[in-house]
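**Student:** coordinates for the following, if possible.
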Amino acid sequence: MLRIHLIAIGGSAMHSLAIEMLRLGHNVSGSDDLIFDPAKKNLEKAGILPKKMGWYEEKINEEIDIVILGMHARKDNPELLRAKELGLVIKSYPEFLADYSVDKSRVVIAGSHGKTTITSLIIHSLNYNEIEIDYMVGAQLKSYNNTLKLSEENNFIIFEGDEYLSSPIDLQPKFLWYKPEIALISGIAWDHINVFPTFENYTKQFDLFISSIKPGGVLIFNSEDKILKQIVEANTNPIKKIPYKSPNYKIVNNITYLETEEGDLPLSIFGHHNLLNVEAARWISQLMGLDISSFYEALPTFKGASNRLELITRGKTSYLYKDFAHAPSKVIATVQAVKNQFKDFKITVCLELHTYSSLDANFLKEYANTLDNADDAIIFYDPEALKIKNRIPLDPKFIKEAFANKNIEVLNSRDSLNLNLFKREFKNKILLMMSSGSFGDLNWKNLKNHMLKY
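**Tutor:** Residues are numbered from 1 along each chain as shown. Prediction:
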């Protein structure tokens, strides 16, 4: 049994790791200065929610075997400084998982977009066919309680491979820790400009990731992404490289059907980007031992991951969707997917600027024309988010010019957003809410009830 202390235990990944380590019989403690639901409820249920919020160096002593440091902590965190003073073993979240899974066959799903959906679909298809694996995924899976599963007996472990930094004192991308035998890259679109200030610097991380695949391993990659294709072909790591592209499909009565040799399969997910995700998942599932027929059998029951083009509610002639899309490429793909799926409906988009990149005045130009396929659009941002992320104030007029779309409205208060949404009629309309944030703690229950009127 290990004694493990997690600094910044309240993160979505960190709290899942804490609960899983506790389930496996280890002694677990942790700390954080702020913890929100669902992490707060989950930790409380497990009996390891910190009694007091904040950092307390007295929690750190020589009896601790491993300190796991989350990204939310700072380099001058008093618990971290105390752990260093005592010479304790300090690891980042991905480093710990990499060490824990050293004897397993590792599969990593990387890319600027689609990682969560692809990983979730692979887990779903294998589980549907009663194939047990370990996994780490970045969002809650429908029909699964945890985003992380670890065991002694399972041979395979699949990771959603994030390119973001590992910890405040470990500034390499998370996915470089895993060194997989099987890997996939779904595509590359510049993101995280706060740590990767240029596009070249960002793409370099994926070249390093390809080099980290074990010699003799396999890389599946999206050949429709020209930049990714160039990077893959130029990399000299002695691995097998297998390209994939979008499969044939059709849309009938607002339902997407995948065209296969076994007939047309109705899907619960839709959009060209999601069909690419399906093809990616098919390749990886086969490499993990699942035949194609069994994969197709599982596919129609896949409902997607939480907040990934998720249907929140449906009225008589209205639909409310929520999507995690925030980067320019994701925004374009999601709006286009909804437009293609619902040709007889008008589309209203509400996009929240919440990430470091989207709140950066220099990066905003990357959003030019991303909302042109919407019938009307709202851009929302919270001035408090700008302060927290140390961004300069943004002029609504500047935002409107950056999107190069005269028809959008720019709002910067929760009250104005509520007034705007609730005054609208949604007969024969789709409302698409896109953000990695909370829209200023929008009351989703009230919004769902409003949509049900139409």
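**Student:** look at Lys322 and give its secondary structure.
**Tutor:** strand (DSSP: H, G, I helix; E, B strand; the rest coil).
**Student:** next up, the contacts around it.
**Tutor:** Going by CB atoms under 8 Å, 6 or more residues apart in numbering, Lys322 touches 307, 310, 312, 433-434. For every residue, glycine as well, the C-beta is placed using N, CA and C.
**Student:** filter those down to the ones in strands?
**Tutor:** Those of the contacts of Lys322 mapping onto strands are 310, 312, 433-434, per DSSP state E.
**Student:** so which elements touch the helix or strand Val107 falls within?
**Tutor:** For Val107, the host element (DSSP states H and E) is strand 105-110. Contact here means 3 or more CB pairs under 8 Å, 6 or more residues apart in numbering; DSSP states H and E; on that basis strand 105-110 packs against helix 115-128, strand 156-160, strand 182-185, helix 199-212, helix 272-287.
**Student:** ok so, going back, can you put the contacts of Lys322 in CSV and add pLDDT, distance to Phe295 and neighbour count?
**Tutor:** CSV is the format used below for the contacts of Lys322 (pLDDT from 0 to 100; distance: CB to CB, whole Å; neighbours: other CB atoms under 10 Å):
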residue, pLDDT, distance to Phe295, neighbour count
Asn307, 78, 24, 18
Glu310, 90, 22, 18
Ile312, 93, 28, 15
Met433, 95, 31, 24
Met434, 92, 29, 24
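**Student:** and those, which is closest to Lys387?
**Tutor:** Met434 (22.5 Å; CB to CB).
**Student:** okay, the helix or strand containing Glu44 in PDB with CA atoms only?
**Tutor:** Under the criterion of DSSP H and E, Glu44 resides in helix 39-46. Written as PDB, here are the backbone C-alpha positions of helix 39-46 (Å, rounded to 0.1, in the frame of the first residue of the first chain):
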ATOM      1  CA  ALA A  39     -15.300  16.700  -8.100                       C
ATOM      2  CA  LYS A  40     -16.400  18.000  -4.700                       C
ATOM      3  CA  LYS A  41     -19.400  15.600  -4.500                       C
ATOM      4  CA  ASN A  42     -17.300  12.700  -5.700                       C
ATOM      5  CA  LEU A  43     -14.500  13.300  -3.200                       C
ATOM      6  CA  GLU A  44     -16.900  13.800  -0.400                       C
ATOM      7  CA  LYS A  45     -18.600  10.500  -1.300                       C
ATOM      8  CA  ALA A  46     -15.300   8.700  -1.300                       C
END
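**Student:** can you give me the buried ones in that helix?
**Tutor:** Neighbour counts over helix 39-46 (16 or more other CB atoms under 10 Å) mark 39-40, 42-43 as buried.
**Student:** quick check: the two most widely separated of those?
**Tutor:** Among the buried residues of helix 39-46, Lys40 and Asn42 lie farthest apart (CB to CB), at 7.3 Å.
**Student:** what's the mean pLDDT across stretch 415-432?
**Tutor:** Summarised as a single mean, pLDDT over stretch 415-432 is 93.
**Student:** endpoints of it, how far apart?
**Tutor:** By CA to CA, to the nearest Å, the extent of stretch 415-432 from end to end equals 19 Å.
**Student:** follow-up on the earlier one: show me what the helix holding Glu44 is packed against.
**Tutor:** helix 12-23.
**Student:** in the helix it packs on, what's buried?
**Tutor:** Neighbour counts over helix 12-23 (16+ other CB under 10 Å) mark 12-22 as buried.
**Student:** ok, stretch 336-348 next?
**Tutor:** Across stretch 336-348, burial judged by 16+ other CB under 10 Å covers 336-339, 341-342, 345, 347-348.
**Student:** which of those residues fall in strands?
**Tutor:** 347-348.
**Student:** can you count the residues close to the nearest residue to Thr334 once chain neighbours are set aside?
**Tutor:** Closest residue to Thr334 apart from its sequence neighbours, by CB to CB, 6 or more residues apart in numbering: Ala325 at 4.4 Å. Ala325 is flanked by 27 other residues according to other CB atoms under 10 Å.
**Student:** repeat for Thr313
**Tutor:** 18.
**Student:** thought it was touching Leu452?
**Tutor:** Yes. Taking CB atoms under 8 Å as the definition, Thr313 is a contact partner of Leu452 at 6.4 Å.
**Student:** and which of the ones in strands among the contacts of Lys322 is nearest to Ile193?
**Tutor:** Closest to Ile193, out of all of these and judged by CB to CB, is Met434, at 18.8 Å.
**Student:** list the contacts of the closest one.
**Tutor:** 322-326, 331, 334, 349-352.
**Student:** please identify which of the residues you listed is nearest to Leu126.
**Tutor:** Closest approach to Leu126 among those (CB to CB): Phe324, at 23.1 Å.
**Student:** shouldn't that closest one be in contact with Ala139?
**Tutor:** Yes. Here Phe324 reaches Ala139: they are 7.4 Å apart, a contact under CB under 8 Å.
**Student:** joint contacts of those two?
**Tutor:** Contact criterion CB under 8 Å, 6+ apart; residues shared by Phe324 and Ala139: 116, 307-308.
**Student:** any weak-confidence spans in the stretch 1-150 of the chain?
**Tutor:** Low-confidence segments of the stretch 1-150 of the chain (pLDDT under 70): 140-145.
**Student:** end-to-end on stretch 373-385?
**Tutor:** Using CA to CA, one end of stretch 373-385 lies 27 Å from the other.
**Student:** mind listing what's buried along that stretch?
**Tutor:** 373-374, 376-382, 385.
**Student:** narrow those to those in helices?
**Tutor:** Among those, the members falling in helices are Ala385 (criterion: DSSP state H).
**Student:** so which of the buried residues of stretch 373-385 comes closest to Val67?
**Tutor:** Closest approach to Val67 among these (CB to CB): Ala385, at 29.9 Å.
**Student:** and the gap between that closest one and Asp65?
**Tutor:** In this structure, Ala385 and Asp65 are 38 Å apart, going by CB to CB, to the nearest Å.
**Student:** and Gly47, how close does it get to Arg23?
**Tutor:** Counting by CB to CB, the gap from Gly47 to Arg23 is 12 Å.
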